[in-house]
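A.B. asks: Sequence first, predicted coordinates after that:
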Amino acid sequence: MEEWIPLGYLLSAALFIFGLKKLGHPRTAPLGNQYGAMGMLVAVITTVVDMQLSTGGMNWELIIAGLVVGSIIGIIMAVKVEMTGMPELVALFNGFGGAASALVALSETWKYIEDPTLTLPTGLTLQVIVVAAGLSALVGWMTLTGSLLAMFKLKGGVEILGKWFSTPTWGPSWLNPVKVLLTISVLALIVMSINDPTNTDYLWAIIGISCLLGIVLVLPIGGADMPVVVSLLNSLSGIAAAFTGFIISNPVLIVAGSLVGASGLILTFIMCKAMNRTLPDVLFKSFGGSTKETVTRTKVGSDPDEVAMMVDGAQKVIIVPGYGMAVSQCQHQVKEFGDLLEEKFDTEVKYAIHPVAGRMPGHMNVLLAEANVPYEKLIEMDEINPEFPECDVAVVIGANDTCNPAARSGEGPLAGMPIIDADQARTVVIIKRSLSVGYAGVDNDLFYEDKTMMLFGDGKAMMTGLNNAIKEI
Amino acid sequence: MITETSLIANLTLFMLAIFLGFELITKVPATLHTPLMSGANAISGISVVGALLGANVAYEGGQTAVSGILAFVALVLAMINVVGGFAVTNRMLNMIAGKNRRA
């Protein structure tokens, strides 16, 4: 009877497969997430029952404590996080996942080091365990440090003792051969460990170099590309779990790990495509963040009353939200602005969503949905772009690179990136704190055009001012 | 004990799952990129199974204290990844797709 219990892993693997499939379609996505969670529950229950029956005793205190503590921390973090902080949280969780796989691998190896009564396996078993544990350590530790750095890059910096340190972006071209060298040295250390599996020097060296590798991999990449990096690291954490599965010869780890590894990689490519970049470009060509152009031109700012008069009488207004809206949390004011226009002036209001607006794909959709903006008003870039020439006012809220006409010129870091054609509207209103450049470090000509009205200030303050001005008309 | 047979079986599983993973995700609307990433990330917390086994094996031996602690830390981290990951994905999807269904 006990022999059949691992069938639970089969059920769990099937749930993961259906879950991932359903997560890719808007209507079925919530169900897909539940399938995934169910799959995980089945896997845990299967493991616990299997352990109880096959060993006849369990370290219940330790296991229940671990399950409960981890669940409580996870729930608290997931519930308390602000919508703007979600990309960081996903990066952090991902780092934990990678570390967990690497720690399981380390724990399996450490058994033989600390307990002399345990006889070391020989032959094939030893080779598989050492190689799989080594690879799991390489990928797992790299995922941990890379994800943590990605998290701080998404935040923009870290506060230590009241002082703000911004996350550096640094990557001279000689760093690329160093990455290759570090990877080769880890692989060499793994091969050397086969002949000397209990050598702790090798073990620490593998862990240390892998941690370093994660940092040098992410360090040269600018904040704008972080969603792609987090997606790639997510793929890696899956691979780490699969390698760990080889050590303990557990089918569900191998299946779930490689599923995530492969689908995560595909998702990474899809995200790169949406930004019109290739993965090697993102990974090995330092871009944005470090070299900010200084602003030399100036532009006279407008005030909310002027803009309110401008939108009075507009037939069609398209709102273009960007990361600035997320930072100032002004999605409710934006929604109010849209409602006011519709009620007072009978204006047609739509929202133009750039695929990479904000810090993660879908960031704007999440925020606007939170403010109860109807889903059908959020129009994706390709569909809304033809509507701009017939649009009276385009209101850009805290977006820069995603509507920078420089992308069409074919030169500079933004070259070829698809953009929102906000510059084709009759009037463009831009709410932004300053004329400073965006992530890509490219000055935006749109700011200086005659038809552009700049509202300099925090998104929330400006939107509130604008709404009040409209109410007074 | 890992035999040739079990290793080949595991490698087969590994390869087929990778191919399946490549085929599983095709066209995904930009809105769902982040929830999909987050959901997949929660699934990669499957190493929770390895951590459970590790924590228990350490107990059987009696003397394997350090590897037990390592497995326990792995268990906590993996559970944060799993529970937090599914919960945060659910929150995101409720905001995106939840409204979509009602509309």
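C.D. replies: The structure has been received and is ready for your questions.
A.B. asks: Report the buried residues of the longest helix along chain A.
C.D. replies: For chain A, the longest helix by residue count, based on DSSP state H, is helix A:123-155. Buried residues in helix A:123-155, counting neighbours by 16 or more other C-beta atoms under 10 Å in any protein chain shown, are found at A:125-126, A:128-155. For every residue, glycine as well, the C-beta is placed using N, CA and C.
A.B. asks: near chain B, which of those show up?
C.D. replies: A:125, A:128-129 (C-beta under 8 Å from any C-beta of the partner chain).
A.B. asks: Check which helices and strands the longest helix of chain A sits against.
C.D. replies: For helix A:123-155, the packing partners by 3 or more C-beta pairs under 8 Å, 6 or more residues apart in numbering or on different chains; DSSP states H and E come out as helix A:86-114, helix A:175-195, helix A:200-218, helix A:226-247, helix B:4-24.
A.B. asks: what is the mean pLDDT for it?
C.D. replies: The average pLDDT for helix A:123-155 rounds to 92.
A.B. asks: what's the following helix or strand after it?
C.D. replies: strand A:157-160 (DSSP states H and E).
A.B. asks: Tell me the strands beside that following strand, with direction?
C.D. replies: The strands beside strand A:157-160 in its sheet (DSSP bridges) come out as strand A:163-166 (antiparallel).
A.B. asks: hmm, who's touching the strand it pairs with?
C.D. replies: The contact list for strand A:163-166, computed with C-beta atoms under 8 Å, 6 or more residues apart in numbering or on different chains, reads A:156-159.
A.B. asks: Please list all residues in contact with A:K299.
C.D. replies: Applying C-beta under 8 Å, 6+ apart, the residues near A:K299 are A:435, A:447-448, A:452, A:454.
A.B. asks: what ranges do the helices span in the stretch 251-400 of chain A?
C.D. replies: Taking DSSP state H, counting those that start in this stretch as the criterion, the stretch 251-400 of chain A carries its helices at A:251-274, A:279-284, A:304-311, A:323-328, A:331-345, A:363-370, A:381-384.
A.B. asks: Just the buried positions in the last one, please.
C.D. replies: Buried residues in helix A:381-384, defined by neighbour count with 16+ other C-beta under 10 Å: A:381, A:384.
A.B. asks: Number of residues surrounding residue 3?
C.D. replies: No chain was given, so I picked chain A. A:E3 has 9 neighbours, counted by other C-beta atoms under 10 Å in any protein chain shown.
A.B. asks: Switch to chain B, please.
C.D. replies: Neighbours of B:T3 using other C-beta under 10 Å come to 13.
A.B. asks: just A:L62 next, same as before
C.D. replies: Neighbour tally, A:L62, other C-beta under 10 Å: 19.
A.B. asks: Distance of it relative to B:G50?
C.D. replies: 15 Å (C-beta to C-beta, to the nearest Å).
A.B. asks: I figured A:K335 hits A:P374, correct?
C.D. replies: No. Taking contacts as C-beta atoms under 8 Å, A:K335 lies outside contact range of A:P374: 9.8 Å.
A.B. asks: As a check, name the ranges of all strands in the stretch 301-450 of chain A.
C.D. replies: A:316-321, A:348-353, A:378-380, A:393-397, A:427-432 (DSSP state E, counting those that start in this stretch).
A.B. asks: For the second one, buried residues please.
C.D. replies: Of the residues in strand A:348-353, those scored as buried under the neighbour-count criterion (16+ other C-beta under 10 Å) are A:348-353.
A.B. asks: nearest to B:S38, of those?
C.D. replies: Using C-beta to C-beta, A:I353 is the member of those that lies nearest B:S38, at 18.8 Å.
A.B. asks: which ones are touching that closest one?
C.D. replies: Taking C-beta under 8 Å, 6+ apart, we find A:I353 in contact with A:321, A:364-365, A:378-381, A:384, B:30-31.
A.B. asks: is it possible to export these to CSV including pLDDT and distance to A:K460?
C.D. replies: Shown next, in CSV, are the contacts of A:I353 (pLDDT from 0 to 100; distance: C-beta to C-beta, whole Å):
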residue, pLDDT, distance to A:K460
A:P321, 90, 13
A:M364, 84, 16
A:N365, 81, 20
A:L378, 86, 20
A:I379, 87, 24
A:E380, 84, 26
A:M381, 86, 25
A:I384, 89, 25
B:A30, 75, 25
B:T31, 76, 24
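A.B. asks: Going through these, which ones are buried?
C.D. replies: Judged by 16+ other C-beta under 10 Å, buried ones among the contacts of A:I353: A:321, A:364-365, A:378, A:381, A:384, B:30-31.
A.B. asks: Helices of chain B, residue ranges please.
C.D. replies: Along chain B, the stretches classed as helices by DSSP H are B:4-24, B:33-43, B:47-61, B:65-79, B:85-93, B:99-102.
A.B. asks: Could you measure from A:S231 over to chain B?
C.D. replies: Distance of A:S231 to chain B, given as C-beta to the nearest C-beta, to the nearest Å: 5 Å.
A.B. asks: burial count for that residue?
C.D. replies: A:S231 is flanked by 30 other residues according to other C-beta under 10 Å.
A.B. asks: hmm, back to that, now, among the contacts of A:K299, which is nearest to A:T119?
C.D. replies: Distances from A:T119 to the contacts of A:K299, taken by C-beta to C-beta, are shortest for A:L435, at 70.3 Å.
A.B. asks: and the gap between that closest one and A:S166?
C.D. replies: With C-beta to C-beta as the criterion, A:L435 and A:S166 are 20 Å apart.
A.B. asks: A:L203 too?
C.D. replies: In terms of C-beta to C-beta, A:L203 sits 35 Å off from A:S166.
A.B. asks: Among these two, which residue is more densely surrounded?
C.D. replies: A:L203 (20 against 13).
A.B. asks: and that one, what is it in contact with?
C.D. replies: By C-beta under 8 Å, 6+ apart, the contact set of A:L203 is A:106, A:109, A:113, A:193.
A.B. asks: and which of the residues you listed is nearest B:A74?
C.D. replies: Using C-beta to C-beta, the contacts of A:L203 come closest to B:A74 at A:L106, 8.4 Å.
A.B. asks: Any regions of chain B where pLDDT drops low?
C.D. replies: B:57-64, B:97-103 (pLDDT under 70).
A.B. asks: I misspoke; the intended subject was the stretch 301-450 of chain A.
C.D. replies: Ranges of the stretch 301-450 of chain A meeting pLDDT under 70: A:359, A:410-413, A:415, A:438-441.
A.B. asks: quick one, what contacts the residue in it positioned nearest to chain B?
C.D. replies: Chain B sits closest to A:P361 of the stretch 301-450 of chain A, with a gap of 3.5 Å, by C-beta to the nearest C-beta. With contact taken as C-beta under 8 Å, 6+ apart, A:P361 is in contact with A:227, A:271, A:274, A:355, B:30-31, B:33-34.
A.B. asks: thinking again about what came up before, settle it for me: which of A:K335 and A:P374 has more neighbours?
C.D. replies: With neighbours defined as other C-beta under 10 Å, A:K335 and A:P374 compare such that A:K335 has more, 22 against 15.
A.B. asks: Contact residues of the stretch 251-400 of chain A facing chain B?
C.D. replies: Within reach of chain B by C-beta under 8 Å from any C-beta, the stretch 251-400 of chain A has these residues: A:251-267, A:270-271, A:274, A:353, A:355-356, A:360-363, A:365-366, A:369-370, A:372, A:374-376, A:380.
A.B. asks: For ChimeraX, write a command that selects the buried ones of those residues.
C.D. replies: If you want just the buried ones from these in ChimeraX, going by 16+ other C-beta under 10 Å, the selection is:
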select /A:251,252,253,254,255,256,257,258,259,260,261,262,263,264,265,266,267,270,271,274,353,355,356,360,361,362,363,365,366,369,370,375
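A.B. asks: how deep is the one residue in the stretch 1-150 of chain A that gets nearest to chain B tucked in, by neighbour count?
C.D. replies: Closest approach between the stretch 1-150 of chain A and chain B, counting by C-beta to the nearest C-beta: A:G70, at 2.3 Å. Residues lying near A:G70 (other C-beta under 10 Å) number 28.
A.B. asks: No more questions from me, cheers.
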